[in-house]
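# sequence unknown, structure follows:
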């Protein structure tokens, strides 16, 4: 089925859900929140579907830019690859690290790493359902992974790991809140809070939103005022520590922080007209419309239930998120790679869905709530799948170039930048690792590797003349420094530099 046909079907579903939600909104029923167990299991099933999808598309995910870079360095350096104090990455990097320690094949390591992300997400969601019995959190977590996600499913970033750690933290808090041993609670809280908030700055936004939402809502909040103030103070301290250890406004994450550390009132006003915001709002109508509807239904329900403080907090949080994105990524427009900017926007899903999950769903019959949630997940899953073919085409492009290299006896290749190939590759800086690992997975004992190079980049072209180097996307790495158990690159000949058309002759 073509993407146009898929979109047509999804628009019909959109109209159906609009009518259904409006009807339900005016026929709410009071039932126990424990009856959200059914919808929570639906969310777990949806997370399982994403896990299966991650297995099927593991190559597209692990042989793509950052994931390939991290996998290469874990295997080659025999150590974890933690950057910018993002310790939450340990949750997934431990898989390839242990696999290379046990000398498993490169293919097994890459498969393990490719699926480790969704295995971790699925495990956290399962804990919320079966261990902590926090059904609302389980549903909210599931919606985060679907509502504002399409192409970014492929992009292996730190943000979903941080969000998963956040939900794990909240699950532990709600479960241990009544425990008498507060010292144990504090140890777990501080450890998980550091892992969560250090993973990525943007995670702090939904983290703080959900913290205040739960405090104001008060349903099942297990802590005294004194303990609440203590935990809140620890959160502030950890966020400040993250900022300071990141070097603040002059550190390694300064480019992402500059917009929110250097702004005026006029900048805030102008942020609403920035391209990144305009494109997002357009996609809220064409791609993320399910999230838009859920947000509207949730806020309306809060207003109908006279939960004014929560409604205002939700609206202000969503507005604040938009302002921050406008300040940080303002000039990014429709030409910006969707997978990247979408990963930055996706956390708004927590804000958009929380009122829907915490206030609207508990008022429905369990079967209606489960069916409604299932429909949302199915629709969003269709969107995610419809965005995957270009990434499979990307892998096929790499395989075709490797095949042509094999035919011509070329071991190391540098192709002059080609507009069509660059467009198809989406991100091409990681091609040296990606091509080498794909070549190994295809059974080449001496791996083939290639990259794209600019004709005017004299520095890189000079490095490529040295037969004893493997170009690692940033510099020439001596071939002798490659982990010989997994990587074997020709060190007798330099890179051959040519155009794509010359390669095909």
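That came in fine, so what should we check first? For clarity, every value in this text was computed on a predicted model and none was experimentally measured.
# over to residue 413: give its phi and psi.
Backbone geometry at residue 413, expressed as degrees, to the nearest 10, gives phi -130, psi 140.
# how about the nearest residue to it, chain neighbours excluded?
The shortest distance from residue 413 to any residue that is not its chain neighbour, by CB to CB, 6 or more residues apart in numbering, is 3.9 Å, and that residue is residue 450. C-beta: built from backbone N, CA, C; applies to glycine.
# and the strand or helix carrying that neighbour, how far out from the chain's middle?
Assignment of secondary structure by DSSP states H and E places residue 450 within strand 449-453. What separates the centre of strand 449-453 from the centre of its chain is 27 Å, taken as CA atoms, centre = their mean, to the nearest Å.
# other SSEs contacting that strand?
In terms of contacts (3 or more CB pairs under 8 Å, 6 or more residues apart in numbering; DSSP states H and E), strand 449-453 is packed against helix 389-408, strand 412-416, helix 419-425, helix 431-441, strand 469-471.
# most tightly packed of the ones you listed?
When neighbours are counted by mean count of other CB atoms under 10 Å, the highest per-stretch mean among those falls to helix 431-441, a mean of 24.
# angle of it against strand 449-453?
Comparing the axes of helix 431-441 and strand 449-453 via axes from the mean of the first three to the mean of the last three CA atoms, to 10 degrees yields an angle of 160 degrees.
# tell me which other helices or strands helix 431-441 touches.
Helices and strands in packing contact with helix 431-441 are listed as helix 66-77, helix 106-126, helix 389-408, strand 449-453, strand 469-471; criterion 3+ CB pairs under 8 Å, 6+ apart.
# and with 7 Å instead?
Of the remaining helices and strands, those touching helix 431-441 by 3 or more CB pairs under 7 Å, 6 or more residues apart in numbering; DSSP states H and E are helix 66-77, helix 106-126, helix 389-408, strand 449-453.
# next, the buried residues of stretch 459-474.
Buried positions in stretch 459-474, judged by neighbour count with 16 or more other CB atoms under 10 Å: 460, 461, 463, 464, 469, 470, 471, 472, 473.
# the helix or strand in which residue 258 is found: what's the following helix or strand?
Assigned by DSSP H and E, residue 258 belongs to helix 254-261. Where DSSP H and E defines the elements, the next helix or strand beyond helix 254-261 is helix 265-271.
# show me which positions of that following helix end up buried.
By neighbour count with 16+ other CB under 10 Å, helix 265-271 contains the buried residues 267, 271.
# what's the domain layout of this protein?
Following automatic domain parsing, one gets these domains for the chain: 3-387, 390-504.
# I'd like the ones you listed as JSON lines, with mean pLDDT appended.
Written out in JSON lines, the entries for the domains of the chain read as follows (pLDDT from 0 to 100):
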{"stretch": "domain 3-387", "mean pLDDT": "88"}
{"stretch": "domain 390-504", "mean pLDDT": "95"}
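# most neighbours per residue, which of these?
Highest mean neighbour count of those: domain 3-387, a mean of 19 (counted as mean count of other CB under 10 Å).
# that older thread, quick one: strands adjacent to the strand holding residue 450?
According to DSSP bridges, strand 449-453 has the following sheet partners: strand 412-416 (parallel).
# pull the residues that contact the strand it pairs with.
With CB atoms under 7 Å, 6 or more residues apart in numbering as the contact definition, strand 412-416 has outside contacts at 405, 449-453, 455, 464, 489-490, 493, 495-500, 503.
# do you know how far residue 384 is from residue 378?
Between residue 384 and residue 378 the distance is 11 Å, computed by CB to CB, to the nearest Å.
# contacts only, for residue 212.
If you count contacts by CB under 7 Å, 6+ apart, residue 212 has them with residue 313.
# contact partners of stretch 57-71?
Counting by CB under 7 Å, 6+ apart, 54, 81, 93, 96, 110-111, 113-115, 154, 156, 388, 391-392, 395, 427, 429-430, 433-434, 437-438 sit against stretch 57-71.
# ok now it, how far from the chain's centre?
On CA atoms, centre = their mean, the centre of stretch 57-71 falls 13 Å from the chain's centre.
# residue 43 touches residue 137, doesn't it?
No: using CB atoms under 7 Å, residue 43 is not in contact with residue 137; the gap is 9.7 Å.
# helix, strand, or coil at the closest residue to residue 76 other than its chain neighbours?
Excluding the flanking residues, the one nearest residue 76 by CB to CB, 6+ apart is residue 483, at 4.7 Å. Three states are possible here, and by DSSP: H, G, I helix; E, B strand; the rest coil the one that applies to residue 483 is coil.
# now do residue 483 against residue 218, distance only.
As defined by CB to CB, residue 483 lies at a distance of 54 Å from residue 218.
# OK, contacts around residue 355?
Residue 355 makes contact with 298, 299, 301, 302, 310, 314 under the criterion CB under 7 Å, 6+ apart.
# the residue nearest in space to the middle of the chain sits in which helix or strand?
Closest residue to the average C-alpha location of the chain: residue 160 at 4.1 Å, with CA atoms, centre = their mean. Counting by DSSP H and E, the element that carries residue 160 is helix 158-176.
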